[in-house]
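Chemist: quick one: sequence and predicted model below, then my questions.
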Amino acid sequence: MKIQIWSDVMCPFCYIGKRRFEQALHHFEHKDEVEVEWKSFQLNPNLVTDPTININQYLADIKGITIDHAKQLNDHVTQMAAEAGLTYDFNKAIVANSFDAHRFAHLAKQHGLGAEAEEVLFKAYFTEGKNIADHETLAELGESIGLDKDEVAHTLKGNKYAINVNQDIAQAQQLGVRGVPFFVMDMKYAVSGAQPVDAFTQTLEKAYSEWAAGKPAKLDIVEGDSCEVGGNC
């Protein structure tokens, strides 16, 4: 059974949702029959990378709220992340356009390292304060998961995999995806947002039972905490 996950590197709920989904999948009886594919999505495709912008200021600007309110929201998400076993450090986070990070992820997917790429990208952005738009940084991340550093650098110099990123985004639009993370199981059931582990477990079981029985697909969506297009989380 195939599970496709649309996400953006700079989406805080995507990393949380990833970890909760992994917890559900780890205990899923039929996990060996599940194939997971990560898909690209951009919350703010026009964002200009600027390491001088504080993440709280960025959130305040896109939501039209005060910096104090933005900090409170980020503190709340940091607590959610901690409960999922993740460490967020928004004081170090660098506001960056994620397009090249997605191209990097597609390169990694070609080498069977798609999941590993997503993990190091999320950790680099939310925990380590690295610039995920910087090509040297991405080359180093690639090397850390087993990719050839020179191949990563060469790939990012051109436009390779740009069409793959755009195809993923177009497919998401066709499905009516308005925010991420967005988990699609057997093109039949969708979990939108960082749902509790139990929600992932229930949807996994339902999707698998119908997949195993060969029932036709009809997309049914379960909603949860997510980030919307425009970067609004």
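Modeler: In hand now; what should we look at?
Chemist: what's the helix or strand where residue 102 lies in contact with?
Modeler: Residue 102 belongs to helix 99-110 when assigned by DSSP states H and E. Residues outside helix 99-110 that contact it (Cβ atoms under 8 Å, 6 or more residues apart in numbering) are 9, 37-38, 40, 42, 45, 114, 116-118, 121, 132-133, 135, 138, 141-142, 145, 147, 151-152, 155-156, 160-162, 164-165, 168. All C-beta atoms are positioned from the backbone trio N, CA, C, and that covers glycine.
Chemist: same check, this time on stretch 14-24
Modeler: With contact meaning Cβ under 8 Å, 6+ apart, stretch 14-24 is reached by 5, 7-8, 77, 80-81, 84-86, 118-119, 122, 126, 180-181, 183, 191, 193-198, 200-201, 204, 224-227.
Chemist: of those, grab the buried ones for PyMOL.
Modeler: Selecting only the buried entries of the contacts of stretch 14-24 in PyMOL, with 16 or more other Cβ atoms under 10 Å as the criterion:
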select buried, resi 5+7+8+77+80+81+84+86+118+119+122+126+180+181+183+191+193+194+195+197+200+201+204+224+225+226+227
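Chemist: the contacts of stretch 14-24 in strands, which ones?
Modeler: Judged by DSSP state E, the contacts of stretch 14-24 include 5, 7, 180, 183, 191, 227 as members of strands.
Chemist: switch those residues over to CSV; also include pLDDT and distance to residue 33.
Modeler: Converted to CSV, these look like this (pLDDT from 0 to 100; distance: Cβ to Cβ, whole Å):
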residue, pLDDT, distance to residue 33
5, 98, 17
7, 98, 23
180, 97, 25
183, 98, 17
191, 95, 18
227, 65, 30
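Chemist: in stretch 91-98, what's buried?
Modeler: Neighbour counts over stretch 91-98 (16+ other Cβ under 10 Å) mark 93, 94, 95, 96, 97, 98 as buried.
Chemist: the helices in the chain, which residues?
Modeler: With DSSP state H, the ranges of helices along the chain come out as 12-26, 55-63, 67-83, 99-110, 114-126, 135-144, 149-157, 162-175, 197-213.
Chemist: show the pLDDT at the closest residue to residue 45 other than its chain neighbours.
Modeler: Nearest non-adjacent residue to residue 45, counting by Cβ to Cβ, 6 or more residues apart in numbering: residue 99, 7.0 Å away. Note on residue 99: pLDDT of 98.
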